[in-house]
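Engineer: make a model of this:
(4 chains)
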4 protein chains.
Amino acid sequence: MNKLSRRAAVERMALGGVGLLLNNEAAAQNPPTTPKAFAGQHQPKPLPFDSTKLKGISEKLIRSHWENNYSGAVRALNAVEQRLAAMLNDKDLPPYIYGDVKREELVRTGSVVLHEQYFANLGGDGKAGGDVLAAIKQSWGSYEQWEAEFKKTGNALGGGSGWVIFAHNWHTGELHNYWSWDHMHNAPFSRPLLALDMYEHAYQIDWESGGFAGLS
Amino acid sequence: MNKLSRRAAVERMALGGVGLLLNNEAAAQNPPTTPKAFAGQHQPKPLPFDSTKLKGISEKLIRSHWENNYSGAVRALNAVEQRLAAMLNDKDLPPYIYGDVKREELVRTGSVVLHEQYFANLGGDGKAGGDVLAAIKQSWGSYEQWEAEFKKTGNALGGGSGWVIFAHNWHTGELHNYWSWDHMHNAPFSRPLLALDMYEHAYQIDWESGGFAGLS
Amino acid sequence: MNKLSRRAAVERMALGGVGLLLNNEAAAQNPPTTPKAFAGQHQPKPLPFDSTKLKGISEKLIRSHWENNYSGAVRALNAVEQRLAAMLNDKDLPPYIYGDVKREELVRTGSVVLHEQYFANLGGDGKAGGDVLAAIKQSWGSYEQWEAEFKKTGNALGGGSGWVIFAHNWHTGELHNYWSWDHMHNAPFSRPLLALDMYEHAYQIDWESGGFAGLS
Amino acid sequence: MNKLSRRAAVERMALGGVGLLLNNEAAAQNPPTTPKAFAGQHQPKPLPFDSTKLKGISEKLIRSHWENNYSGAVRALNAVEQRLAAMLNDKDLPPYIYGDVKREELVRTGSVVLHEQYFANLGGDGKAGGDVLAAIKQSWGSYEQWEAEFKKTGNALGGGSGWVIFAHNWHTGELHNYWSWDHMHNAPFSRPLLALDMYEHAYQIDWESGGFAGLS
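Structural biologist: Numbers count the residues shown, from 1 in each chain, chains lettered A, B, ... in the order given. Below is the predicted model:
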């Protein structure tokens, strides 16, 4: 493919594909609010629960988690977006340097979204919705089998980094417990329903042993 | 956190968080079809265009791409799911070995979904939808600025692996061109609108020079 | 390249290249002791210092680190090697499943070697060798400049995973502070001289704040 | 650990550990030539063989591989080093942005070293050294078993990215075929003896099918 035809292909893809996709009903349900791509105006969301009353996780740990890890990711994402805006206009910048900072955008975006999901899960009211339970049973055979897989995937990541993400894949319609090595590891177009933070900051301060003893 | 309280926390998260999320309207628009999690019954989708008539990409390349890379990923995903089902019941299996194969599930899921998106984009009808164009202008200032960033991100990945994924992040409502190092690199809950395959199988056969000369 | 010629190329590379390299002087200084590739007989090395007397790191943290993270990696490496031996003889196993467990071999090998280097550094006698200091000055201009880069690289990894590895690259002859995202990230043929563990298990238990406050 | 004690720990590690390690005999065999860490003066090495006479790989492919992928990595490494030097003195730069470019340094260093090893292997004279053959037999039982594992590891990476690296781990004394997902994936302090490039630029131009048909 010569440069000319590649340019044509990109433009055609851009125009054709995008046009089709944003016109469908699902997108209409959730219209883009279209903030600027490089605005750097993200704000941390407050914890959706009383951090002194969380069962099984100390206030100290959850506040450190929110302030240092989650809010730190929000602040970093803002700084990254503003840097990208400046770098995009630097004609001498090699594309791979731009790509390096785009990677940071992905790291921080993943961290922000997954942490917000994690905190939302912690603040749940403890009532199981019928829809999900039914879907779990259809997918894994039983709630216990789903839970066993969720925990086994979590134990696979113990002592290091990552997430277990129980997600609804909107492309395939399936439910899966996705293994995630770091904030960037996600299945495309999959809605996290339950995100378990396996980074050590999520549990280690509270542990007598100081090590990961496993989910049980 | 001792084991007992951790167990409680996981169960509470599972029940509470999931219940809330699947009951909302957006999910109702797109109900899980709930195939078995480990069924291994994925089928490759045919190319949504006449492969002899694609402008800028030879039939040979696109057919090889579909058969070897995409369909190979579908076949591998099926094999992986069936293996996971068997491994889940092996009580002697260390969790990290299970996790290794869960990583393969993520690799192949990403490859399947992103390739289907890529082929769908190639088969677009070339008409730009007004919604997307308006959203691009709001997010990047102009179509040209968006295109410049999309291409710069692609050039950052040339000669190696990965994707550029123009996506609508349903969690934040934003549009971004995401840098993706491999099939596993995605922003959470983000709908790919335009996926550009930067793996070398996507273009190299057609190139005189045999190397990546950049998007222009 | 057809299959036949590719086979020939691999065999030629195997015979030619290897022959040249293992016959040189440097290799003769450090002869392979040639244990079996899949023996699974690694033993954890004891801490090379009195864990009650380490300045700045509690005994509890260092013992947890040695027992849970380091020794856990040794045990896992042994289990992985034995599994690989069995899998290699399974003719029905897809190569990518074998590759998944080979990845685990690399994860655990990196963890074992880097932890042994880290503990060796902690047990150092505090006397700076003249050779290294001279080399640092030649490479960075001053000890302070080297230290500033080492710390900046560490701070880049705070709150997540990874290592900073001050290493002597034997291929290029250079000294570098390498950024390492996880146990698998290393420069080829580079001898770690100072490995700083940035995984949260390396410091978090001891911290009042429970978060990463940076190297200073 | 408070900041003060952490500073002390880092300094102690730096001085103590490094002093011990660079004074040993092996290092004396291979003295650091101590170029500046950020000099950006790397030069591509010419192919160590006549590119028109390589059996099984076309001149076009090998020249493209040398010029676009290998020499491109050398040029990028130089540019990255010069940028790091400037960034290190920018007090307002967040450490994670510095880390992003340090990652690029690792990517390019890996690519340069592994490609030089790869080309050196291709230029081998085809004579198997007795030492290596004997070591392979001790480690794998037979040459055929080693070759089967090397190829299976390569097939695991087909159609994507990465390397198979037959290496001598100088820390453990062992020989292993290491699975490598990208240029950054290496076992610490391991000398590559045979590096097989599994990136698609290494073989795809020459293939009728345009896809990866496997090593056999």
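Engineer: A:I136 reaches A:L175, doesn't it?
Structural biologist: Yes. Proximity of A:I136 to A:L175 meets the contact threshold set by C-beta atoms under 8 Å, at 6.9 Å. To be clear about C-beta, it is placed using only N, CA and C from the backbone, and glycine gets the same treatment.
Engineer: quick one: the strands in chain A, in order.
Structural biologist: Using DSSP state E, the strands of chain A run over residues A:163-169, A:175-180, A:190-197.
Engineer: okay, the closest residue to A:F166 other than its chain neighbours: pLDDT?
Structural biologist: The spatially closest residue to A:F166, leaving aside those adjacent along the chain, is A:L194, at 4.0 Å (C-beta to C-beta, 6 or more residues apart in numbering or on different chains). A:L194 carries a pLDDT value of 94.
Engineer: over to A:R7?
Structural biologist: On pLDDT, A:R7 comes in at 46.
Engineer: could you report the neighbour count for the closest residue to A:G141 other than its chain neighbours?
Structural biologist: Nearest residue to A:G141, sequence neighbours excluded (C-beta to C-beta, 6+ apart): B:K36, at 7.8 Å. B:K36 has 15 neighbouring residues, counting by other C-beta atoms under 10 Å in any protein chain shown.
Engineer: now do the same for B:K36: its pLDDT.
Structural biologist: 82.
Engineer: tell me if I'm right that it and A:A135 touch.
Structural biologist: No. Using C-beta under 8 Å, B:K36 is not in contact with A:A135, being 11.4 Å away.
Engineer: what's A:N177 in contact with, if anything?
Structural biologist: By C-beta atoms under 8 Å, 6 or more residues apart in numbering or on different chains, A:N177 lies in contact with A:W146, A:E149, A:F150, A:T153, A:V164, A:I165, A:F166, A:A167, B:A37, B:K102.
Engineer: next, name the residue at the spatial heart of chain A.
Structural biologist: Nearest residue to the geometric centre of chain A (C-alpha atoms, centre = their mean): A:L114, 3.4 Å.
Engineer: show me the contacts for that one.
Structural biologist: Applying C-beta under 8 Å, 6+ apart, the residues near A:L114 are A:W163, A:I165, A:H183, A:P192, A:A195, A:D197, B:P188.
Engineer: residue contacts, the fourth one?
Structural biologist: With contacts defined as C-beta under 8 Å, 6+ apart, the neighbours of A:P192 are A:V113, A:L114, A:Q117, A:I165, A:F166, A:A167, B:P188, B:F189.
Engineer: the second one now?
Structural biologist: A:I165 sits next to A:L114, A:N177, A:Y178, A:S180, A:N186, A:A187, A:S190, A:P192, A:L194, A:A195, A:L196, B:P188 when contact means C-beta under 8 Å, 6+ apart.
Engineer: chain D: which of those is nearest?
Structural biologist: Nearest to chain D, judged by C-beta to the nearest C-beta, of the contacts of A:I165 is A:S180 at 15.8 Å.
Engineer: can you report how many residues lie near the closest one?
Structural biologist: Neighbour count for A:S180, taken as other C-beta under 10 Å: 29.
Engineer: repeat for A:G173
Structural biologist: By the measure other C-beta under 10 Å, the count of residues near A:G173 is 13.
Engineer: same deal with A:S71?
Structural biologist: That count, for A:S71 with other C-beta under 10 Å as the rule, works out to 16.
Engineer: nearest residue to it in space, please, no chain neighbours.
Structural biologist: A:P44 (4.4 Å).
Engineer: so that neighbour makes contact with A:G72?
Structural biologist: No. Contact criterion C-beta under 8 Å: A:P44 and A:G72 do not qualify, at 9.3 Å.
Engineer: okay, the two: which has more neighbours?
Structural biologist: A:G72 (19 against 16).
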